[in-house]
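Peer 1: Any chance you can model this:
(one chain, ligands or ions: 2)
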Amino acid sequence: MTKEEGPDGMGAGPKFKVPSAKPDGALRVLFLGDVCAEPGRKAVEQELAGLRRRLGADFIIVNGENAAGGYGITPKLADGLLRAGVGCITTGDHAYDRKEVWEYLGTERRILRPLNFPPQAPGRGYGVFEVCWANTAAIEETKETKVKVAVVNLQGRVFMKPLDCPFRRVLPVLDEIRRETQLVFVDIHAEATAEKQGMSWFLDGRVSAVLGSHTHVQTADEAILAGGTAFISDVGMCGSFDSVLGMSKDLSLRRMVEMVPVRLQPATGDVRLNGVWVDVEVATGRALAIGRLSEPVALSANQTAAG
Ligand SMILES: [Fe+2]
Ligand SMILES: [Fe+2]
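Peer 2: Ligands and ions are numbered 1, 2, ... in the order given. Modelled structure (predicted):
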């Protein structure tokens, strides 16, 4: 694979090096971090098909909790991500920011809210999806079959709202899921690294991957744990990196320096996609490999407005 240079003027450097083809018998899943405002959405919509081809990804999960100007997601924006090829949208503490999504959370199976919200809250905390799976990357030997992939959305409680215990809530759900599939991906949407690490050890050997979201900053601790679970504390963000967590530097600084509660607006410059790819052995559900990606994106001319 030749190294592709990043777009002019972008600070993120060259496009990430695509890993070698997935091993025979493996499912490759791409998980992209919090999609922040229009730059993040447009980057996903513009780049996803190409990224999927380059990676040979079978299934794509995206955290969409900041898709609507940084605050929540709407049905229209979720539909746009799904049309672009996203198989499942996870969310987090911003799940209910936009009222118009509440009903949609209950009707669209491909969008999740954290499992440990109160049971009465609209939406569902996990889903099992039928995925077209190519058993090998060698095209002439490919057999396309369907496999079931489960996604579970959890939220942490350290420095966050006091939701139900995610550790206690997840186990019965995993018992349910195991009747259908052993390919299980968990988005642990949490502030504290320690809580995410704790969840990874708690679920090691029980799920295929525990992937952190929420902080918008990608960590460098990706690993396959002893029991065969892939883990990273945070996969990062899709959006503007000339920013504070995807939002305007000036307004963020006013909040910090002057302590005035101005409403943040999305930033626009230095757009990147952050995420991880994970290879999982379909026969066992064990993770084989995990790798980070941070991809600079030059939005096409008609896709540069903020919002
Ligand atoms: Fe977020
Ligand atoms: Fe969040």
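Peer 1: Against ligand 2, how distant is V18?
Peer 2: Using CB to the ion, to the nearest Å, V18 is found at 29 Å from ligand 2. C-beta: built from backbone N, CA, C; applies to glycine.
Peer 1: Was I right to think that residue contacts R53?
Peer 2: No - counting by CB atoms under 8 Å, V18 sits too far from R53 to count as a contact (9.8 Å).
Peer 1: So for these two, which residue has more residues nearby?
Peer 2: V18 (16 against 10; other CB atoms under 10 Å).
Peer 1: Quick check: phi and psi at that one.
Peer 2: phi -70, psi 130 (degrees, to the nearest 10).
Peer 1: Does K146 touch F129 like I think?
Peer 2: No - taking contacts as CB under 8 Å, K146 lies outside contact range of F129: 10.0 Å.
Peer 1: Compare these two and say which is more crowded by neighbours.
Peer 2: F129 (18 against 10).
Peer 1: Remind me which helix or strand the more buried one belongs to.
Peer 2: Element membership for F129 (DSSP states H and E) is strand 126-134.
Peer 1: show me the contacts for the residue in the stretch 51-200 of the chain positioned nearest to ligand 2.
Peer 2: Using CB to the ion, the single residue of the stretch 51-200 of the chain nearest to ligand 2 is G92, 3.8 Å away. Residues near G92 by CB atoms under 8 Å, 6 or more residues apart in numbering: D34, N63, E65, P114, N153, Q155, D187, H189, S213, H214.
Peer 1: Now do the fourth one: how many residues are near it, please.
Peer 2: What that stands for is P114. If we define neighbours as other CB under 10 Å, then P114 has 29 of them.
Peer 1: got a list of what it touches?
Peer 2: T91, G92, D93, A95, G125, N153, L154, Q155, L163, P166, H189.
Peer 1: how about 6 Å then?
Peer 2: Listed by CB atoms under 6 Å, 6 or more residues apart in numbering, the contact set of P114 reads G125, N153, L154, Q155.
Peer 1: Secondary structure class of it, three-state.
Peer 2: coil (DSSP: H, G, I helix; E, B strand; the rest coil).
Peer 1: what does the third one give?
Peer 2: E65 carries the three-state label coil when classified by three-state DSSP.
Peer 1: pretty sure E191 is in contact with K161, am I right?
Peer 2: No - counting by CB atoms under 6 Å, E191 stays clear of K161, with 10.6 Å between them.
Peer 1: Pairing partners for A287 in the sheet, please.
Peer 2: V280 (DSSP bridges).
Peer 1: Can you flag which of the contacts of P114 belong to helices?
Peer 2: In helices, defined here by DSSP state H, there are no members of the contacts of P114.
Peer 1: Tell me who's in contact with whichever residue of the chain sits closest to ligand 1.
Peer 2: Residue nearest to ligand 1 within the chain: D34 (3.5 Å; CB to the ion). Contact analysis of D34 by CB under 6 Å, 6+ apart lists N63, E65, N66, S213, H216, M237.
Peer 1: now that we have those residues, which one has the most neighbours?
Peer 2: Busiest of the contacts of D34 [other CB under 10 Å] is N63, holding 32 neighbours.
Peer 1: That one and S213 touch, don't they?
Peer 2: Yes - assessed by CB under 6 Å, N63 is found in contact with S213 at 4.5 Å.
Peer 1: any common contacting residues for those two?
Peer 2: Shared contacts of N63 and S213, defined by CB under 6 Å, 6+ apart, comprise G33, D34.
Peer 1: just to revisit the earlier point, inside strands: which ones of the contacts of G92?
Peer 2: Mapping these onto strands (DSSP state E) picks out D34, N63, N153, Q155, D187, H189, S213.
Peer 1: Tabulate the contacts of G92 (TSV), appending distance to Q46.
Peer 2: Shown next, in TSV, are the contacts of G92 (distance: CB to CB, whole Å):
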residue	distance to Q46
D34	18
N63	18
E65	20
P114	28
N153	25
Q155	29
D187	23
H189	25
S213	21
H214	24
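Peer 1: among these, which are in reach of ligand 2?
Peer 2: Within the set of these, contact with ligand 2 (CB under 5 Å from the ion) is found for H214.
Peer 1: Appreciated, that's everything.
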